[in-house]
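*Asks:* output the structure for:
(one chain, ligands or ions: 1)
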Amino acid sequence: NQVRVAILGATGAVGTELINLLIERKFPLKDLKLLASPRSAGKKVTFQDQTLEIEAVDDNSFDDVDIVLASAGGSTSKQWAEKIVAAGAVMIDNSSAFRMNPDVPLVVPEINPNDVHNHKGIIANPNCTTILMGVAIYPLHQIQPIKRVVVSTYQSASGAGARAMEEVKTQSEAILKGENPQPEILPYPLAFNLFPHNSPLMDNGYCEEEMKMVNETRKIFGDDDIRITATCVRVPVLRAHSEAVNIEFAQPFPLNKARDIIAQAPGVKLVEDWQNNYFPMPMDATGKDEVLVGRIRQDLSNPNSIELWLCGDQIRKGAALNAVQIAELLVHDN
Ligand code: A2P
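*Replies:* Sure thing, here's the model as predicted:
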């Protein structure tokens with residue numbers, strides 16, 4: 001049951017982590033092909049004792065591949081999807097290109113693993129903030145249906161790719177030297193700053209990132225009745241996102257019960273030390289598989305609502321790990 005895998009976007013922040021995760025989780029690889037743009041062709045990538053060369057993606061790249069893990073942006077996904085499916089491979093797509101397509105399952109393995117079976121060649125990996133929130137709140141939703149969510153995000157530079165992470169580092173150094181660096185990848189300086197998420201704005205006043213949290217959460221939960229409102233913000237953190245989530249139910253949700261459920265939920269780790277005021281931090285979530293959840297408390301302003309705080313590695317569970325878990329579901333079910 002060995003699988004031929006290609007990573008499209010293998011030089012990127014998520015692509016690099018995909019390689020690490022396939023090796024670390026002992027994915028049954030028969031062959032691993034690393035694809036990127038012509039800019040990267042010929043670059044070498046070394047992991048464990050193997051060295052692989054990056055290839056420029058072309059018309060024949062998918063002929064001998066079973067699963068394509070795509071993380072090269074929406075336009076690249078759209079450009080190659082038809083070829084990938086025609087070649088008989090399954091595309092697990094990290095971009096937003098196909099997420100809301102009714103023929104494309106949108107999967108978080110801790111929430112809707114069975115949806116992987118309904119694919120027609122493409123399975124979509126949800127938006128990072130949506131995955132992290134979903135993993136944390138779905139176990140509560142199973143006990144008492146959630147009526148409304150109000151979420152604010154604190155999103156790291158990694159969501160904008162490897163070059164954005166690099167920009168925050170060089171920008172920080174330059175500012176510390178008293179310089180006034182101009183941003184090139186992100187629209188505004190992120191070092192020592194923050195700004196509302198830079199995805200395109202919609203007519204309703206929300207940005208695309210915020211609407212992804214609304215629409216994708218409903219699709220993954222299979223519940224169009226949940227009301228969700230989000231404010232997404234980029235903060236000068238390198239690679240883990242944080243979220244403040246207010247969750248409203250039809251009746252009060254006992255806090256002890258919420259804490260017990262979160263403590264036992266798959267993919268989640270309860271991190272709460274009330275005596276020392278120690279709760280999840282992006283630094284602690286970096287490199288971890290679990291979404292760290294804490295500060296679970298009663299909303300003072302509404303008896304039917306609780307508050308929680310979470311941090312999760314955007315590149316791992318927010319992207320690469322979720323995609324590899326989907327690939328594992330595909331392989332195990334065959
Ligand atoms: P490359 O390094 O050759 O530009 P990130 O999200 O971290 O910025 O990574 C984006 C990934 O998508 C990189 O691996 C990048 O490759 C790849 N990529 C971008 N544009 C294309 C394209 N037109 N064709 C193939 N890969 C692309």
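
*Asks:* the protein: helices as residue ranges?
*Replies:* 13-24, 74-86, 128-143, 162-176, 208-221, 255-264, 282-285, 321-332 (DSSP state H).

*Asks:* chain neighbours aside, what residue packs nearest to the closest residue to the ligand within the chain?
*Replies:* The ligand sits closest to residue 12 of the chain, with a gap of 2.1 Å, by Cβ to the nearest ligand atom. Backbone N, C-alpha and C define where each C-beta goes, glycine included. Nearest residue to residue 12, sequence neighbours excluded (Cβ to Cβ, 6 or more residues apart in numbering): residue 162, at 5.5 Å.

*Asks:* give me the neighbour count for residue 26.
*Replies:* Residue 26 has 7 neighbours, counted by other Cβ atoms under 10 Å.

*Asks:* nope, residue 226 is what I was after
*Replies:* Residue 226: 18 surrounding residues under other Cβ under 10 Å.

*Asks:* correct me, but it touches residue 148?
*Replies:* Yes: applying Cβ atoms under 8 Å as the test, residue 226 and residue 148 come out as touching, 7.2 Å apart.

*Asks:* tell me the contacts of residue 247?
*Replies:* 137, 140, 146, 148, 149, 253, 305, 306, 307, 308 (Cβ atoms under 8 Å, 6 or more residues apart in numbering).

*Asks:* distance between stretch 2-14 and the chain's centre?
*Replies:* Its chain's C-alpha centre lies 16 Å from the corresponding centre of stretch 2-14 when counted by Cα atoms, centre = their mean, to the nearest Å.

*Asks:* my bad, stretch 283-302
*Replies:* The chain centroid and the centroid of stretch 283-302 are separated by 16 Å under Cα atoms, centre = their mean.

*Asks:* could you do stretch 22-40 as well?
*Replies:* Distance, stretch centre to chain centre, for stretch 22-40: 19 Å (Cα atoms, centre = their mean).

*Asks:* and stretch 317-324, by the same measure?
*Replies:* Centre-to-centre, stretch 317-324 and its host chain are 6 Å apart (Cα atoms, centre = their mean).

*Asks:* also stretch 308-324?
*Replies:* Distance, stretch centre to chain centre, for stretch 308-324: 5 Å (Cα atoms, centre = their mean).

*Asks:* the ligand contacts on this protein?
*Replies:* Applying Cβ under 6 Å from any ligand atom, we find that the chain lies next to the ligand at 9-13, 15, 36-37, 39-40, 57, 72-73, 76, 161-163.

*Asks:* in ChimeraX, select just the buried ones from the residues you listed.
*Replies:* Command for ChimeraX that selects the buried part of the residues of the chain next to the ligand, burial taken from 16 or more other Cβ atoms under 10 Å:
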select :9,10,11,12,13,15,36,40,57,72,73,76,161,162
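
*Asks:* among the residues of the chain next to the ligand, which lie within strands?
*Replies:* Among those, the members falling in strands are residue 36 (criterion: DSSP state E).
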